[in-house]
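Novice: here is my input; please provide its structure:
(2 chains)
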Amino acid sequence: MLELKGIDAGYAGFQALFGVSMRVDAGEAVAVIGSNGAGKTTLLRVVSGLLAPTAGTMTMQGTDLIATPPHKVIETGIAHVPESRRLFPRLSVEDNLRMGAFIPAARAKFHQRLEYVYALFPRLKERRTQLAGTMSGGEQQMCAIARALMSEPKLVLLDEPSMGLAPVIVSQVFDLVRRIRNDGYTVLIVEQNVRQVLKVVDRAYLLEVGRMKASGRAEELAASDEIRKAYMGL
Amino acid sequence: MTGLRLKPATIIGLLAVAALPLVVRYFLPASEKYYLHLLIQILLWSFIYTGWSLMGRFGLTSLGHGAFTGIGAYATVMLWNFAGITPWIGIPVAVALATVVGVLVGYPCFRFRIAGHYFALLTLALTEFVRLCIVGLRDFTGGSLGTQPRRYGDGISLYALQFEPDRMLAYYIAFGLWVLGLYVWLRVDGSMDRYALDAASQDEDAAASVGINVTRERLKITALSSAMCALGGAIFAQYQMYIGPDTIAGLGLSLNIVFAAIAGGIWVLLGPTVGAVFTQVLAETLRVVIQGSATLKGMFGSSALALDQLIYGLLLVLFIIYMPNGILGTTMAWWRRRAAARAATGRAGN
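Specialist: Numbers count the residues shown, from 1 in each chain, chains lettered A, B, ... in the order given. Coordinates of the predicted model:
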């Protein structure tokens, strides 16, 4: 579904990704794990078009993503749940969801999608008139995921969904991820919380200082000594 | 709520404003001209302030709208005076010119995400640039002394769009323009673009990731806003029959626009109108007080007349700190709270 080959990317005077290649197949949940500064967020910014790569190719179901401007990426079926939620804080929950269905194709199905995400996350229905910025971190994460689902995407990108949340909320957020997986979405998740994320995905890639160091099935990686030592504190 | 179906309250309100000059004629016949002039000014400026607030409410704080009113006024008058082109053609040309300038300045700003303070600074430079052009082209524009549209016949003409001697006519032209401004505001408010711009002003990256073309949305609203201000400037020139770089262009005017719109409230339909009433009444009061006071004149000489700018500046700071929603926005919020509190106590009483 999504395929990256030899991606180089960075910011002025600083390269963050070196020849990154990876692939996500339809129906899979894939994680990119790595520590702070490994380039995980940069990778997702490249996929969602917010950062132009300097080399490499990138396709979504055959569509060239490199030539796609950021506001068109969503039309290829990719919805991005950005790092630290990034809701529109001074819009109500429902208006945030309305923005998720901004593209014409989704706008026509707004009410249908709204019912769908409210059924998936009933909490949001209770909070629909509340300003998004006034909700708790976990609820905001729920709202951010729901906003992404409004466009009826094929692939959902999740950028560090557990960041800045209390441990008990973190496991609830991973439950949300599991729920959308079960609903048939393909998921690409970037996470530092290696132990938790490996429980919800099928496969994972290990990113270290901008380079792919390892990849494999989630159980295999979770069992590998190297990863247990470096990332799970065992 | 697109404003296409008028509510009874709206109709009554519009009729009341339409009837104002008749009230003036009946109750204040001796100074009819003066009061009508004040009302016309309020309506014309309301239109311009409403045009500015279209951008201002989405975090695009432009200090450059004096450039657009200036282009609207000067281009219209220059075409009339030197090429004999009727304002019926001159005004669309002037509005188009201002829109092009707005888009040319806006595009690089939005493309490279220049927002907030830097956007304000850039647009401030635009204001000064246009003012310098006006002053520099003094052979045509009269430089800093300003100039007048060439009078056509007795000063009332459909062809030349001149109506200054007939204050009643001028009032209804200004009224029509004001209603147009409110209509545009409502259309924008009820559109999906409103949500898109609101979202972009809160988080540009997130807006782009849900499929909003932030640059295009911002260019659209900039074009609309600069076109409105240019139209307002042109009609203002036709009414005043005088244009000067400081009365219809320049930094002082740009700042006045910002102050009046913020003072009235940029998030509510009638906010800019309330701002116009407030600033016009304030300016008139200050003028009368300062001109009538021997003490002030003795202290500052004729520069006492510039005191109103100082007071504006001070008030702007106070408004931004204590009343960011403006006079009308704050009043409406207070009213709603009171109504809610009443409803609550009413229920408790039952």
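
Novice: okay, now the unreliable bits of chain A?
Specialist: In the predicted model, chain A carries pLDDT under 70 at residues A:234.

Novice: return the set of buried residues in stretch B:62-79.
Specialist: Neighbour counts over stretch B:62-79 (16 or more other C-beta atoms under 10 Å in any protein chain shown) mark B:62-79 as buried. Placement of C-beta: from N, CA and C, glycine included.

Novice: what's near enough to touch the nearest residue to A:Thr68 once chain neighbours are set aside?
Specialist: In this structure, A:Thr68 finds its nearest non-sequential neighbour in A:Gly49, 5.8 Å apart by C-beta to C-beta, 6 or more residues apart in numbering or on different chains. Contacts for A:Gly49 (C-beta atoms under 8 Å, 6 or more residues apart in numbering or on different chains) come out as A:65, A:68-70, A:72-73, B:208.

Novice: count of neighbours near whichever residue of the stretch 51-200 of chain B sits closest to chain A?
Specialist: Of all residues in the stretch 51-200 of chain B, the one sitting closest to chain A is B:Ala199 (4.8 Å; C-beta to the nearest C-beta). Per other C-beta atoms under 10 Å in any protein chain shown, the neighbour tally for B:Ala199 reads 27.

Novice: swap in B:Gly298?
Specialist: B:Gly298: 9 surrounding residues under other C-beta under 10 Å.

Novice: surely B:Thr222 and B:Leu60 touch.
Specialist: Yes: B:Thr222 is within contact range of B:Leu60, at 7.2 Å (criterion: C-beta atoms under 8 Å).

Novice: for the residue of the stretch 51-200 of chain B closest to chain A, what is the enclosing helix or strand?
Specialist: Taking DSSP states H and E as the criterion, B:Ala199 maps to helix B:192-202.

Novice: what do you get for A:Gly216?
Specialist: Assigned by DSSP H and E, A:Gly216 falls within strand A:211-217.

Novice: that strand pairs with which strands, and in what direction?
Specialist: strand A:203-208 (antiparallel) (DSSP bridges).

Novice: and the strand it pairs with, what's buried?
Specialist: Buried, per 16+ other C-beta under 10 Å, within strand A:203-208: A:203-207.

Novice: stretch A:35-55 now?
Specialist: Buried-residue list, stretch A:35-55, by 16+ other C-beta under 10 Å: A:38-51, A:53.

Novice: among the buried residues of stretch B:62-79, which ones are in helices?
Specialist: The helices, defined by DSSP state H, take in B:65-79 from the buried residues of stretch B:62-79.

Novice: how does chain A divide up, domain by domain?
Specialist: A:1-76+A:154-160+A:186-234, A:78-151 (automatic domain parsing).

Novice: among the ones you listed, which is nearest B:Val135?
Specialist: Evaluated over the domains of chain A, closeness to B:Val135 peaks at domain A:1-76+A:154-160+A:186-234, with 40.0 Å, by C-beta to C-beta.

Novice: just the CA trace of the host helix or strand of B:Thr10, in PDB.
Specialist: For B:Thr10, the host element (DSSP H and E) is helix B:8-27. What follows is helix B:8-27, C-alpha atoms only, in PDB (Å, rounded to 0.1, in the frame of the first residue of the first chain):
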ATOM      1  CA  PRO B   8     -37.800  40.000  11.800                       C
ATOM      2  CA  ALA B   9     -35.300  41.600  14.100                       C
ATOM      3  CA  THR B  10     -32.800  42.000  11.200                       C
ATOM      4  CA  ILE B  11     -35.500  43.700   9.000                       C
ATOM      5  CA  ILE B  12     -36.400  46.000  11.900                       C
ATOM      6  CA  GLY B  13     -32.800  46.800  12.400                       C
ATOM      7  CA  LEU B  14     -32.100  47.600   8.800                       C
ATOM      8  CA  LEU B  15     -35.200  49.700   8.500                       C
ATOM      9  CA  ALA B  16     -34.200  51.600  11.600                       C
ATOM     10  CA  VAL B  17     -30.800  52.400  10.200                       C
ATOM     11  CA  ALA B  18     -32.400  53.300   6.900                       C
ATOM     12  CA  ALA B  19     -34.800  55.700   8.700                       C
ATOM     13  CA  LEU B  20     -32.000  57.500  10.600                       C
ATOM     14  CA  PRO B  21     -31.500  60.400   8.200                       C
ATOM     15  CA  LEU B  22     -35.300  61.100   8.400                       C
ATOM     16  CA  VAL B  23     -35.000  61.200  12.200                       C
ATOM     17  CA  VAL B  24     -32.100  63.600  11.900                       C
ATOM     18  CA  ARG B  25     -34.100  65.800   9.400                       C
ATOM     19  CA  TYR B  26     -37.100  65.900  11.800                       C
ATOM     20  CA  PHE B  27     -35.300  66.500  15.100                       C
END
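
Novice: helix or strand right after that helix?
Specialist: Remark: after helix B:8-27, the chain's next helix or strand is helix B:32-56, criterion DSSP H and E.

Novice: for B:Leu137, see how far away B:Pro87 is.
Specialist: 20 Å (C-beta to C-beta, to the nearest Å).

Novice: these two: who's more crowded?
Specialist: A count of neighbours by other C-beta under 10 Å puts B:Pro87 above the other of B:Pro87 and B:Leu137, at 23 against 13.

Novice: name all residues that make contact with the residue lying closest to that one once chain neighbours are set aside.
Specialist: Leaving aside its chain neighbours, B:Pro87 sits nearest to B:Leu161 (4.0 Å; criterion: C-beta to C-beta, 6+ apart). Contact partners of B:Leu161, counting by C-beta under 8 Å, 6+ apart, are B:86-88, B:91, B:238.

Novice: Throw together a ChimeraX command that grabs the buried residues out of these.
Specialist: Command for ChimeraX, covering only those of these found buried under the criterion 16+ other C-beta under 10 Å:
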select /B:86,87,91,238
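
Novice: hang on, A:Val30 packs against A:Leu206?
Specialist: No: applying C-beta under 8 Å as the test, A:Val30 and A:Leu206 come out as separate, 12.0 Å apart.

Novice: can you count the residues close to B:Lys297?
Specialist: By other C-beta under 10 Å, 15 other residues sit near B:Lys297.

Novice: residue contacts, A:Met142?
Specialist: Counting by C-beta under 8 Å, 6+ apart, A:Met142 touches A:121, A:123-124, A:173, A:176.

Novice: residue nearest the middle of chain A, spatially speaking?
Specialist: The centre of chain A sits closest to A:Leu158, judged by C-alpha atoms, centre = their mean, with a distance of 1.5 Å.

Novice: so it makes contact with A:Thr186?
Specialist: No: the pair A:Leu158 and A:Thr186 fails to qualify as a contact (C-beta under 8 Å) at a distance of 11.4 Å.

Novice: quick one, helices of chain A?
Specialist: Shown for chain A, the helices assigned by DSSP H span residues A:40-47, A:70-73, A:93-100, A:104-107, A:110-120, A:122-126, A:137-149, A:167-182, A:194-200, A:218-223, A:225-231.

Novice: could I get the ones you listed as TSV with distance to B:Met192?
Specialist: Putting the helices of chain A into TSV (distance: least, C-beta to C-beta, whole Å) gives the following:
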stretch	distance to B:Met192
helix A:40-47	26
helix A:70-73	14
helix A:93-100	9
helix A:104-107	7
helix A:110-120	11
helix A:122-126	21
helix A:137-149	16
helix A:167-182	26
helix A:194-200	35
helix A:218-223	41
helix A:225-231	44
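
Novice: those helices: which one's closest to B:Tyr49?
Specialist: For the helices of chain A, proximity to B:Tyr49 was assessed by C-beta to C-beta; helix A:93-100 is nearest, at 26.4 Å.

Novice: got the contact list for the closest one?
Specialist: The contact list for helix A:93-100 (C-beta under 8 Å, 6+ apart) reads A:79, A:87-88, A:91, A:106, A:110, A:113-114, A:117, A:124, A:127-132, A:135, A:143, A:146-151, B:195-196, B:199, B:207, B:210, B:212.

Novice: any of the residues you listed buried? List them.
Specialist: A:79, A:87-88, A:91, A:106, A:113-114, A:117, A:124, A:127-128, A:131-132, A:135, A:143, A:146-151, B:195-196, B:199, B:207, B:210, B:212.
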